[in-house]
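Enquirer: Okay, here's the prediction I keep looking at, along with the sequence it came from:
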Amino acid sequence: MKLDDGSPALVARLEEQLGKGRETDLAIVFSLGKIVDSAAAAALLRMERGAQDKDLNKEIRRSLFKLSQKGLTIPEDRQGEKSPASLLSRSPEIEAYMSPVDGAGGRLVWIVKPQAGHGLQTIQGMVNDREGLQRIGGTQIRRKELRNMAQEIKRQHGITMVSVPWEYADMMLYEGFEKAKSTGRSGLENFHQLRSMVSTAKPKAQEHPVYQRLDPAEVREGAWRELSRRLLDEPELRFWILDADWAEPFLGQLEEAQTSRLVLNPMQKKNASPVSCATW
């Protein structure tokens with residue numbers, strides 16, 4: 001059975017293979033997530049209603065989300081979770097949105113607070129994992145303008161702004177500011193004034209929101225570990241490459257492995273060579 005053509009005709013054939021093993025079921029769910037057709041979504045919804053395995057349920061939700069990103073309508077009431085489409089809705093509470101991190105360690109962070117009669121007060125920052133907060137700004141806009149901004153980022157760069165707890169976004173901006181300040185970065189003098197719209201106290205440390213959905217111990221073993229290589233198929237990771245600054249500290253270790261007096265077979269030496277690693 002050829003699974004790469006994404007044909008709706010495959011849906012029934014894939015469903016016939018269900019129940020033949022956990023790994024097979026996970027592979028079927030992943031394949032259904034590539035078939036942009038209502039029949040694939042319906043099959044996933046049927047599987048979701050009967051699935052007892054936690055990992056299988058997570059993979060089903062992931063495939064349904066991928067189909068929704070490609071234009072299929074997935075019933076919101078069955079997902080039981082907040083969708084990134086909440087940018088389209090109205091909320092009296094503080095909201096926050098974050099982009100996926102890029103290969104250089106940067107991401108967009110937005111915090112949005114509704115103001116009665118004045119639209120939305122926003123904080124918009126760019127945070128880099130190594131360099132901290134790179135720029136910060138704030139303005140009052142309408143929700144329609146916020147939605148258009150998110151859609152334009154998606155259209156131009158293929159980046160989706162994902163809903164996150166505002167406290168986590170606030171912590172990211174605060175820690176980014178502290179890191180940038182320690183390096184002497186200028187242009188961030190209005191940070192505390194902008195941030196005062198949500199808090200003036202130091203934010204509490206907290207885990208990444210993904211750990212509310214994933215058990216870090218579980219994902220290191222079994223099916224999750226094997227399936228993790230599929231992350232490289234995601235469009236958000238297409239720019240993930242190792243830059244020279246990141247790789248440089250390891251080059252000496254690779255050279256040392258080449259000249260080591262330890263007995264290494266030719267295959268081990270090849271795998272440890274800088275050329276091999278750069279090619280990988």
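Expert: Sure thing, it's come through.

Enquirer: so where do the strands sit in the stretch 151-280 of the chain?
Expert: Secondary structure of the stretch 151-280 of the chain, counting by DSSP state E, counting those that start in this stretch: strands at 162-163.

Enquirer: which residues of it score low on pLDDT?
Expert: Where the stretch 151-280 of the chain drops to pLDDT under 70, the residues are 222, 260-280.

Enquirer: Who are the packing partners of the helix or strand hosting Glu145?
Expert: Following DSSP states H and E, the helix or strand that holds Glu145 is helix 143-157. In terms of contact count using 3 or more Cβ pairs under 8 Å, 6 or more residues apart in numbering; DSSP states H and E, helix 143-157 is assigned the packing partners strand 106-115, strand 119-128. All C-beta spots, glycine's among them, are computed from the backbone N, C-alpha and C.

Enquirer: Which one of the ones you listed lies nearest to Gln206?
Expert: strand 106-115 (14.5 Å; Cβ to Cβ).

Enquirer: Paired strands for that closest one, with orientation please.
Expert: If you go by DSSP bridges, strand 106-115 pairs up with strand 95-98 (antiparallel), strand 119-128 (antiparallel).

Enquirer: Can you tell me which of these is packed in deepest?
Expert: For those, the largest average neighbour count (mean count of other Cβ atoms under 10 Å) is found in strand 95-98, namely a mean of 23.

Enquirer: Residues touching that strand, excluding its own?
Expert: Taking contacts as Cβ atoms under 8 Å, 6 or more residues apart in numbering, the residues outside strand 95-98 that touch it are 84, 86-87, 107-113, 150, 161-166, 168-170, 172.

Enquirer: Redo the strands paired with strand 106-115 as JSON lines? Include mean pLDDT and distance to Gln206.
Expert: Listed next are those as JSON lines, based on pLDDT from 0 to 100; distance: least, Cβ to Cβ, whole Å:
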{"stretch": "strand 95-98", "mean pLDDT": "94", "distance to Gln206": "13"}
{"stretch": "strand 119-128", "mean pLDDT": "93", "distance to Gln206": "16"}
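
Enquirer: Can you pull the poorly scored residue ranges out of the stretch 1-150 of the chain?
Expert: For the stretch 1-150 of the chain, counting by pLDDT under 70, the residues that fall below are 1-6, 75-92.

Enquirer: Grab the most central residue of this protein for me.
Expert: Taking Cα atoms, centre = their mean as the criterion, Pro100 is the residue nearest the geometric centre of the chain, at 4.5 Å.

Enquirer: Contacts only, for that residue.
Expert: If you count contacts by Cβ under 8 Å, 6+ apart, Pro100 has them with 107, 159-160, 162, 236-237.

Enquirer: among the residues you listed, which ones are buried?
Expert: Restricting those to buried positions leaves 107, 159-160, 162, 236, with burial counted as 16 or more other Cβ atoms under 10 Å.

Enquirer: Which two among those residues are spaced furthest apart?
Expert: Pairwise distances across the buried ones among the contacts of Pro100 (Cβ to Cβ) peak at 11.7 Å, for the pair Arg107 and Thr160.

Enquirer: between these two, what contacts are shared?
Expert: For the pair Arg107 and Thr160, residues contacting each of them under the criterion Cβ under 8 Å, 6+ apart are 99-100.
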